[in-house]
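J.: below are the sequence and a predicted model; questions follow.
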Amino acid sequence: MKKTVTIFGSSLPEEGDQEYLDAYRLGKRFALAGIKVCNGGNGGIMEASAKGAYENGGEALGITIKKFPDHNSYLTENIICDTMFERMQKLVEYGDAYIVLQGGTGTLFELGVVWESINKGFLEEKPFACHSAMWRDICAIMEKQLIREKRKTGILKPFDDIDQCADYIIGKLSNHL
């Protein structure tokens, strides 16, 4: 069965923005590696990663919500959910790995759900990476707190380089393809 990486990130970046270009690059890299892309199905980073996959012969699964019915045109499959909690559950459920790109409070919510689900044992440990200085800094702060609480550390891997982030996920998933 084809492996899937769920990509979280902002709906705001537009074509030409670095965040958009990074997400497109991830989608392309995963398509070429035979890995399906999954995301929230809307614009910005979601559109860019789906476009990168779609334009390079890959699959792009969107998990959308009725409240925001517009989805990007690069999805090869779309699952429509009634609530944001159902959407979040499916985004986590379909992922064999997760990447968190630049984003706001919605992306922070997604990062927190995956991290805490793994940390508490509700979700088996899977490859989990983040990209951007913002997430690197948040990750460092949280790692210190996890050490203080004597909880598992090293679950979320921060990357400054988008290709290193892709390499990490591809390497981890290709062991199970």
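T.: Good, I have the coordinates. Numbering: from 1, shown residues only.

J.: got the contact list for the residue lying farthest from the centre of the chain?
T.: Within the chain, residue 148 marks the point farthest from the mean C-alpha position, 27.5 Å out by C-alpha atoms, centre = their mean. Contacts of residue 148 were listed using C-beta atoms under 8 Å, 6 or more residues apart in numbering, and none were found. All C-beta atoms are positioned from the backbone trio N, CA, C, and that covers glycine.

J.: would you mind measuring from it to residue 78?
T.: Noted for residue 148: a distance of 42 Å to residue 78, by C-beta to C-beta, to the nearest Å.

J.: next one: residue 146
T.: According to C-beta to C-beta, residue 146 stands 36 Å off from residue 78.

J.: higher neighbour count, the two?
T.: Between residue 146 and residue 78, counting by other C-beta atoms under 10 Å, residue 146 is the more crowded of the two (17 against 13).

J.: could you give the mean pLDDT of the helix or strand hosting the more buried one?
T.: Using DSSP states H and E, residue 146 maps to helix 133-148. Summarised as a single mean, pLDDT over helix 133-148 is 95.
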